[in-house]
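Trainee: What follows is a predicted protein model with its sequence.
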2 protein chains.
Amino acid sequence: MAKSCSCLQRQCILCETLSTAQDECTEQQFCEIEGSISKDVYRANEWLFQQGMPARDLFILKYGHVKLSSSLPDGRCHGLRLAGPWSVLGIEALGMESYPFSAVALTDVQVCTFRHRDMLAALENNPKTSLKLVTMLNAELRRSMEQLRNIGVLHASERVAWFLLSTAVDNTCPPVSRSDMAEILGLTMETVSRVLSRLRQCGLVDAPSNRRSVRILDPERLEALCGDTRQAQLPLNCA
Amino acid sequence: MAKSCSCLQRQCILCETLSTAQDECTEQQFCEIEGSISKDVYRANEWLFQQGMPARDLFILKYGHVKLSSSLPDGRCHGLRLAGPWSVLGIEALGMESYPFSAVALTDVQVCTFRHRDMLAALENNPKTSLKLVTMLNAELRRSMEQLRNIGVLHASERVAWFLLSTAVDNTCPPVSRSDMAEILGLTMETVSRVLSRLRQCGLVDAPSNRRSVRILDPERLEALCGDTRQAQLPLNCA
DNA sequence: CGCTCCCTTGATACATTTCAAGCGTTGTGG
DNA sequence: CCACAACGCTTGAAATGTATCAAGGGAGCG
């Protein structure tokens, strides 16, 4: 029997963990780990998990996009970030009672699901996995702090520009609605719409109003918009 | 020779790590770890480290308060959070080239300094330490996400109320200036000052204008201010 | 066709920022 | 010991960016 995860993807922390685990686990331990991975599918708008739910699993996103968001007791809600393929979700709850935020599928989504308790066991048995995990959490933390700073200091158009640039792959953004973007950027849907309209008029992006799709046409001018205040504060005269 | 860190504090991750390490390291390994801890002092307004500096150390704050902040290329700056005694600083840079943010002492400060490379070695040798670290990073991540949400959705007075409540120990806040608070909350100094003046008028806090000191007089009414919007949006009629 | 959903756009309201002046304390040097 | 500057804070008036409210358009779908 081949000792490996059936996907064997380089980008997947689980697959990599398993491949290093081969050297360090007994055959039995390894099979236990591999056996506890399940592959699941969620439809668009389904919840992977909700804030406050008992935390049991972590997810490796293999296909599709997910939105993470956190809400206040009074119902107000704020998007934390978008997650794309090969993101690890729900690991922030490892060792805790409940998920501190919610995750909803924006598109149809395919994931590997893994129990927290199995992850904890893998950590005990495999120091290399710990290191990988620590590195991952650190990266997450940096991203989160960068976002904190950006929400704190950037203007509306700078935030939109930054969002587009930071989420786009090949100048194409994930399929988010205006309200999703607004929620993540701490703005209203209307403001996001206005900014996108202006960016469209200036030829910086292609953002059809009917479809959830934004394409970046001029990455360089867009970058100028979110880096330097003086340019960014005058987004109307984009001449 | 006694095998323990000389402080032996329950709250200190380093001390705890060392005490568990006793069971798992050889005497030589243990002494290497212990020997690599240095105890340092920084004066108020000194930098512990700056954004972009090569990342070498992590710090356990033993006495005093530190402000973490991140800046944009154009100079705009945003406070990330305050750190008090027993915080671990600079661990977000573990395994990375440079510090992703800066840390400046608000008061005179006493720290234990520990090399990243020694921490990494400790992780390899001691799975329990990894778990502790992962738990810590997760807690940090949750805090950071909570803050992200709060900056995103809360109004000025709600943010101030939340800041006071979340940083106060025994209803007494760390010695931060109005501008420090403003920087962390994504507001201006003037706005913070106005909110504090109103809170003072309403008898919720004691905030003398000459000293960097805020004391919470009525925690319950203050909590009502940051939990529920409808109350929070009318902070002027605090009757 | 009529419904819903998402988006756009305009007018207005409002919270916060910006700009500006002044106050009290602290520390320094004549 | 007193002037003086520096610093942090407060407060007011005006400016401004974004939210809110409102109306309407277009695509998709039963």
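Mentor: Thanks, I have the structure now.
Trainee: Mind naming the longest helix for chain A?
Mentor: When chain A is parsed with DSSP state H, its longest helix is helix A:127-153.
Trainee: which element follows that one toward the C-terminus?
Mentor: Downstream of helix A:127-153, the first helix or strand assigned by DSSP states H and E is helix A:156-167.
Trainee: got a pLDDT number for the most centrally placed residue in chain A?
Mentor: The centre of chain A sits closest to A:A83, judged by CA atoms, centre = their mean, with a distance of 1.8 Å. Looking at A:A83, its pLDDT reads 95.
Trainee: what's the answer for A:Q29, then?
Mentor: Confidence at A:Q29, expressed as pLDDT, is 62.
Trainee: Now for the residue lying closest to A:Q147 once chain neighbours are set aside, how many residues are close by?
Mentor: In space, and not counting its chain neighbours, A:Q147 is closest to B:L148: 6.1 Å by CB to CB, 6 or more residues apart in numbering or on different chains. To be clear about C-beta, it is placed using only N, CA and C from the backbone, and glycine gets the same treatment. Residues lying near B:L148 (other CB atoms under 10 Å in any protein chain shown) number 25.
Trainee: coming back round to it: and the longest helix of chain A, what's buried?
Mentor: A:127, A:129-134, A:136-138, A:140-153 (16 or more other CB atoms under 10 Å in any protein chain shown).
Trainee: ditto for stretch A:45-52
Mentor: For stretch A:45-52, by 16+ other CB under 10 Å, it's A:L48, A:F49, A:Q51.
Trainee: would TSV of those with distance to chain B be doable?
Mentor: As requested, the buried residues of stretch A:45-52 are exported to TSV (distance: CB to the nearest CB, whole Å):
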residue	distance to chain B
A:L48	16
A:F49	14
A:Q51	10
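Trainee: can you redo these as CSV with secondary structure and pLDDT?
Mentor: What follows is the buried residues of stretch A:45-52, written out as CSV (DSSP: H, G, I helix; E, B strand; the rest coil; pLDDT from 0 to 100):
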residue, secondary structure, pLDDT
A:L48, strand, 96
A:F49, strand, 95
A:Q51, coil, 93
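Trainee: Just put those residues in a markdown table and tack on distance to DNA strand D.
Mentor: Output for these, formatted as a markdown table (distance: CB to the nearest atom of the strand, whole Å):
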| residue | distance to DNA strand D |
| --- | --- |
| A:L48 | 24 |
| A:F49 | 27 |
| A:Q51 | 22 |
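Trainee: how about the strands in chain A?
Mentor: Assigned by DSSP state E, the strands in chain A fall at A:38-42, A:47-49, A:57-63, A:66-71, A:77-83, A:88-89, A:102-105, A:109-115, A:205-206, A:215-216.
Trainee: so which of those strands gets nearest DNA strand C?
Mentor: DNA strand C lies closest to strand A:205-206 among the strands of chain A, at 10.3 Å (CB to the nearest atom of the strand).
Trainee: does DNA strand C sit close to the closest one?
Mentor: No - on the criterion CB under 7 Å from any atom of the strand, strand A:205-206 is out of touch with DNA strand C, staying 10.3 Å away.
Trainee: packing partners for that strand?
Mentor: helix A:189-201, strand A:215-216 (3 or more CB pairs under 8 Å, 6 or more residues apart in numbering or on different chains; DSSP states H and E).
Trainee: let's go with 7 Å and repeat that
Mentor: If contacts are counted by 3 or more CB pairs under 7 Å, 6 or more residues apart in numbering or on different chains; DSSP states H and E, strand A:205-206 sits against strand A:215-216.
Trainee: From the rest of the structure, what touches the strand it packs on?
Mentor: Contacts to strand A:215-216, defined as CB atoms under 7 Å, 6 or more residues apart in numbering or on different chains, come from residues A:L164, A:A168, A:N171, A:T172, A:V205, A:D206, A:L222.
Trainee: okay, the nearest residue to A:R142 once chain neighbours are set aside: pLDDT?
Mentor: Take A:R142 and drop its neighbours on the chain: the residue closest to it by CB to CB, 6+ apart is B:P100, 4.8 Å away. Confidence at B:P100, expressed as pLDDT, is 93.
Trainee: Hmm, B:A93 and B:P100 touching each other?
Mentor: Yes - between B:P100 and B:A93 a contact is recorded at 6.4 Å, counting by CB atoms under 7 Å.
Trainee: domain assignment for chain A?
Mentor: For chain A, the structural domains run A:13-139, A:154-231, going by automatic domain parsing.
Trainee: ok now the first one, how far from the chain's centre?
Mentor: The one in question is domain A:13-139. Computed by CA atoms, centre = their mean, to the nearest Å, the chain-centroid distance of domain A:13-139 equals 11 Å.
Trainee: Same question for stretch A:206-223.
Mentor: That offset, for stretch A:206-223, works out to 20 Å (CA atoms, centre = their mean).
Trainee: Ok, stretch A:125-141 next?
Mentor: Per CA atoms, centre = their mean, the centroid offset for stretch A:125-141 relative to its chain is 17 Å.
Trainee: what does stretch A:191-206 give?
Mentor: Worked out by CA atoms, centre = their mean, stretch A:191-206 lies 24 Å from the chain centre.
Trainee: what's the answer for stretch A:140-152, then?
Mentor: Put simply, stretch A:140-152 sits 13 Å off its chain's centre (CA atoms, centre = their mean).
Trainee: Name the residues that touch it?
Mentor: With CB under 7 Å, 6+ apart as the test, stretch A:140-152 has contacts from A:81, A:159, A:162, A:186, B:70, B:78, B:80, B:92, B:100-101, B:137, B:140-141, B:144-145, B:147-148, B:151-152, B:186.
Trainee: Quick check: residues of chain A near chain B?
Mentor: Neighbours of chain B within chain A, by CB under 7 Å from any CB of the partner chain: A:70, A:72-74, A:76, A:78, A:80, A:92, A:94-96, A:100-101, A:123-124, A:127, A:130-131, A:133-135, A:137-138, A:140-142, A:144-145, A:147-149, A:151-153, A:186, A:227-229.
Trainee: how does it look with 6 Å?
Mentor: Residues of chain A lying near chain B by CB under 6 Å from any CB of the partner chain: A:70, A:73-74, A:76, A:78, A:80, A:92, A:94-95, A:100, A:123-124, A:127, A:130, A:133-135, A:137-138, A:141-142, A:144-145, A:148-149, A:151-153, A:186, A:227-229.
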